[in-house]
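S.K.: next input, structure requested:
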Amino acid sequence: MNKNTFFIVSLVLAFVSCKQKNSEKEKRSFEIVTNEKTEQLSSLYQELFEKQKFNGNVLVADNGKIIFQKSYGLSNEKDSINLNLETKFELASVSKQFTAMGIVQLQKEGKLSYDDKISKFIPELQHYENITIKNLLNHTGGLPDYIELAEEKLDKTKIATNEDIIKLFQDSKPKKNFEPNEKWEYSNTGYLLLATIIKRASGKEFGEYLKETIFDPLNMKKTFVYRRRFNPKKIKNYAQGYIYSDSLKAKILPDNMGKDFYVVYLDGVVGDGTVSSNIYDLLKWDRALYKNDFINEKDKKLIFSSYQTKDSTETDYGFGWMIDNSNKYKKIALHSGGWGGYITYIERHLDNDKTIIILQNNSTRNTEIPVKNTRRILYDIPIEKLTKLNREILESYAGTYLINESNKERKIIFENDKLWVPMNPQVKLELIPVSKTKFIVDGFSPEVSYTFILNSNNDVEKYRVQQEGKGLDRIATRKK
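M.R.: So this is what the prediction gives:
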């Protein structure tokens, strides 16, 4: 080996060694402890992985100490690349908490007020009167979801951006679903507009502003805004997102569906998604939100409070976080996400300081987010074994129902051998059977249950939906 070759090899080895040391340093920045819960969590997730119900990374912490962290499955199926603990994922709607924090930072800088009308920053939408920034933050603005509108009217030969969607609303002027503060309805449109407000109020690109005010100050080096089709880059250790194709009976990349697939032509939109991160950076984020040097107690109260509509109905949503309260777990802030093969979840037990972070890159008919049993293990509650029902029984429950008090229609749908409650054209909640007639909504706390009521001929007549401690107890009659 000549001197030049030796020098080059030494440089390469030194670089690799440095990378490995940095990786180990990242892991050592958190205290790791193992106990009986570690084994229980390992058993839970390993079983799901073996049944092809889980493919991704999971981290569970108790009082900031990691008690369980593990990677399951492949990051890239074509090249057979395994996931590792530092793999980065698209966060989908878990991104909303960062968009909301960008607004909080601008408010602290005096560049906007939560009570500002959106027309102050987006005059193109001045015909939507009385919608405030706060309405967008807590989903009480009433604007229809842009994804459905884009599917109907957008030019799909190019990748759309926030400006394209705003122009679509400006030109087509779709009606509000309700007046501001009248109701709560989850809105991707609201968070798209919040990202545009961040850009116009700060004078910086959305991703640049989040990097300067959130990611860099919190040392979240693996977190960034990324639009892979609109602005492709080569990013190391990034998980590919896979969806299931019913026609091909196989997992595929969303891009294989063609350019007119919504995940592809909406890739330029930011705010409701497009933040990418890994489990360690999300734990840094979690820890920072307990301290007062990043945000103060007043900010935290605003972010983690459930807002009310005009009639004093709780929305159970704060600024980019869903808010739950229960006797069992006390106050929890959480959010899930799903987009283009990525299924993501973060949950923070605010009163008991427990953290659950789940990042998956497979969205198939089998994929599960095992939050309920993860919680049970954290609180020393026996895990719940679920019931397996045959296709015929599940199909019999699907249909259109009428809520008795309001006569409003509600649907239960059967899809991919499961029952679902559709919330809007893009979001549906899985119903998990715990008996022949009782189901629980996946991932909700306090638990939401659906009990189907049969007549003497075993035909489905009604269902009863309940949520303990929330006053939810309704009967819906099957529409004939």
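
S.K.: A398 contacts D417, doesn't it?
M.R.: No: counting by CB atoms under 8 Å, A398 stays clear of D417, with 11.7 Å between them. Yep, even glycine has a C-beta here, placed from its N, CA and C like the rest.

S.K.: distance from stretch 125-144 to the middle of the chain?
M.R.: Distance, stretch centre to chain centre, for stretch 125-144: 21 Å (CA atoms, centre = their mean, to the nearest Å).

S.K.: ok, now stretch 53-65?
M.R.: 15 Å.

S.K.: and the end-to-end length of that stretch?
M.R.: End-to-end distance for stretch 53-65, by CA to CA, to the nearest Å: 27 Å.

S.K.: do the same with stretch 219-239
M.R.: Length of stretch 219-239, first residue to last, CA to CA: 21 Å.

S.K.: and it, which residues are buried?
M.R.: Within stretch 219-239, the residues that count as buried by 16 or more other CB atoms under 10 Å are 220, 222-230, 238-239.

S.K.: dump these to JSON lines, plus secondary structure.
M.R.: Output for the buried residues of stretch 219-239, formatted as JSON lines (DSSP: H, G, I helix; E, B strand; the rest coil):
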{"residue": "M220", "secondary structure": "coil"}
{"residue": "K222", "secondary structure": "coil"}
{"residue": "T223", "secondary structure": "coil"}
{"residue": "F224", "secondary structure": "strand"}
{"residue": "V225", "secondary structure": "strand"}
{"residue": "Y226", "secondary structure": "coil"}
{"residue": "R227", "secondary structure": "coil"}
{"residue": "R228", "secondary structure": "coil"}
{"residue": "R229", "secondary structure": "coil"}
{"residue": "F230", "secondary structure": "coil"}
{"residue": "Y238", "secondary structure": "strand"}
{"residue": "A239", "secondary structure": "coil"}
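
S.K.: identify the farthest-apart pair in the residues you listed.
M.R.: Between any two of those, the greatest separation by CB to CB is 23.8 Å, found for M220 and R229.

S.K.: the helices in the chain, which residues?
M.R.: Counting by DSSP state H, the chain has helices at residues 3-28, 36-50, 96-108, 133-137, 146-153, 162-172, 188-202, 206-210, 262-265, 279-288, 297-303, 371-378, 391-397.

S.K.: circling back: closest to E50 out of the buried residues of stretch 219-239?
M.R.: Using CB to CB, the buried residues of stretch 219-239 come closest to E50 at A239, 19.9 Å.

S.K.: and that closest one, what is it in contact with?
M.R.: 56, 75-76, 83, 87-90, 342, 359, 361 (CB atoms under 8 Å, 6 or more residues apart in numbering).

S.K.: go again using 7 Å as the cut-off
M.R.: 75, 83, 87-89, 361 (CB atoms under 7 Å, 6 or more residues apart in numbering).

S.K.: where strands are concerned, which of those residues count?
M.R.: Within the contacts of A239, residues falling in strands by DSSP state E are 75, 89.

S.K.: between the contacts of A239, identify the one with the most neighbours.
M.R.: Neighbour tally across the contacts of A239 (other CB atoms under 10 Å): the maximum, 29 neighbours, falls on F89.

S.K.: from S406, how far out is that one?
M.R.: 39 Å (CB to CB, to the nearest Å).

S.K.: what does Y146 give?
M.R.: In this view, Y146 and S406 are 27 Å apart by CB to CB.

S.K.: what about these two, which has more around it?
M.R.: A direct count of neighbours by other CB under 10 Å for Y146 and S406 places Y146 higher, at 26 against 10.

S.K.: the more buried one and P422, how far apart?
M.R.: From Y146 across to P422, the span is 18 Å (CB to CB).

S.K.: ditto for P254
M.R.: Taken as CB to CB, the span from P254 to P422 is 21 Å.

S.K.: which of the two has more residues huddled nearby?
M.R.: Comparing P254 with P422 by other CB under 10 Å, the one with more neighbours is P254, at 21 against 14.

S.K.: would you map the strands across the stretch 201-350 of the chain?
M.R.: 224-225, 242-245, 250-252, 275-277, 322-326, 330-339, 342-349 (DSSP state E, counting those that start in this stretch).

S.K.: of all the ones you listed, which lies closest to Y265?
M.R.: Closest to Y265 of the strands of the stretch 201-350 of the chain, according to CB to CB: strand 330-339, at 13.3 Å.

S.K.: buried ones in that closest one?
M.R.: 331-339.

S.K.: residue closest to the middle of this structure?
M.R.: Nearest to the mean C-alpha position of the chain, counting by CA atoms, centre = their mean, stands G337 at 2.0 Å.

S.K.: tally of neighbours for the residue nearest to E212 when sequence neighbours are not counted?
M.R.: Among residues not flanking E212 along the chain, K204 sits closest, at 7.3 Å (CB to CB, 6 or more residues apart in numbering). Residues lying near K204 (other CB under 10 Å) number 15.

S.K.: just the one 10 residues further on next, same as before
M.R.: Here the number of neighbours of I214 (other CB under 10 Å) works out to 21.

S.K.: spatially nearest residue to it (excluding sequence neighbours)?
M.R.: Take I214 and drop its neighbours on the chain: the residue closest to it by CB to CB, 6+ apart is M101, 5.7 Å away.

S.K.: I'd say that neighbour and P217 touch.
M.R.: No: the criterion here is CB atoms under 7 Å, and M101 misses it with P217 at 11.0 Å.

S.K.: looking at the two, which has the bigger crowd around it?
M.R.: Neighbours were tallied for M101 and for P217 using other CB under 10 Å; the higher tally belongs to M101 (21 against 13).

S.K.: quickly note the distance from that one to G64.
M.R.: M101 sits 20 Å away from G64, going by CB to CB.

S.K.: and for E109?
M.R.: From E109 to G64 the distance is 29 Å (CB to CB).

S.K.: and if you look at Y45?
M.R.: Taking CB to CB, one finds Y45 at 21 Å from G64.

S.K.: same check, this time on D351
M.R.: Relative to G64, D351 is positioned 15 Å away (CB to CB).

S.K.: those two - which one has more neighbours?
M.R.: G64 (14 against 10).

S.K.: mind listing what's buried in stretch 360-369?
M.R.: Neighbour-count burial for stretch 360-369 [16+ other CB under 10 Å]: 360-364, 366-369.

S.K.: how far away from the center of its chain is it?
M.R.: 13 Å.

S.K.: number of residues surrounding P144?
M.R.: The burial count assigned to P144 is 16, neighbours taken as other CB under 10 Å.

S.K.: ok, it - contacts?
M.R.: 174, 177, 189.

S.K.: I'd say the second one and G141 touch.
M.R.: No: counting by CB under 7 Å, no contact exists between N177 and G141, whose distance comes to 9.2 Å.

S.K.: out of these two, which sits in the busier spot?
M.R.: Just comparing N177 and G141: by other CB under 10 Å the higher neighbour count belongs to G141, 27 against 15.
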